[in-house]
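> all I have is the shape, not the residue letters:
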């Protein structure tokens, strides 16, 4: 296990990129520097170092940063000095590979049957709703009402003409 401490000048690197990509470039500069100086194939950056780089957003990374690196099994772990690198534990697989047990097969079969039953019930309910739906009949107006409507339309088209004056739109005198 080899441990080294370095100070990296990030300003030289991130000024080559536009302002909105500076912190991202600083992060890649830390990785490239670590690859070169620790002579490994892989670099992992610690959470505290990452937070320090992104502290002021993507436009204003720190100009210089001090890092501490540890090499284990051809992997460099890089972190701020004074902090230990937190290694993530590999995830344990919950299911065993191979053939499923009888209980698992039964549970899957029950789930499939329940899904099919739910689909059938939903389909039956839709059919019932379609059968129960009644169409309302539209009442046809009598011929007398039709004739009155025609008279109103003809009056509105022509306009009312008052007998003695001959003007349109005036009210008729009451008789």
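Sure, I can see it. Since the model is a prediction, treat every value here as computed from it, not as a measurement.
> mean pLDDT per helix and strand in the protein: which one sits at the bottom?
helix 143-158 (a mean of 72; mean pLDDT, DSSP states H and E).
> pull out the buried residues from that one.
By 16 or more other CB atoms under 10 Å, helix 143-158 has no buried positions at all. For the C-beta atoms, the positions are set from N, CA and C on the backbone; glycine is no exception.
> over to stretch 18-36?
Of the residues in stretch 18-36, those buried (16+ other CB under 10 Å) are 22-23, 25-27, 29-31, 33-34.
> sorry, back to before: what packs against the least confident helix or strand of the chain?
For helix 143-158, there is no helix or strand it packs on, judged by 3 or more CB pairs under 8 Å, 6 or more residues apart in numbering; DSSP states H and E.
> how long is stretch 75-86 end to end?
From its first residue to its last, stretch 75-86 covers 14 Å (CA to CA, to the nearest Å).
> hey, where'd the helices end up in the chain?
All helices of the chain, identified by DSSP state H, fall at 11-14, 22-38, 47-53, 102-132, 143-158.
> tell me the gap between the least confident helix or strand of the chain and the middle of its chain.
Put simply, helix 143-158 sits 59 Å off its chain's centre (CA atoms, centre = their mean, to the nearest Å).
> again, but for stretch 69-77
Worked out by CA atoms, centre = their mean, stretch 69-77 lies 37 Å from the chain centre.
> first-to-last residue distance for that stretch?
Stretch 69-77 has its terminal residues 6 Å apart, counting by CA to CA.
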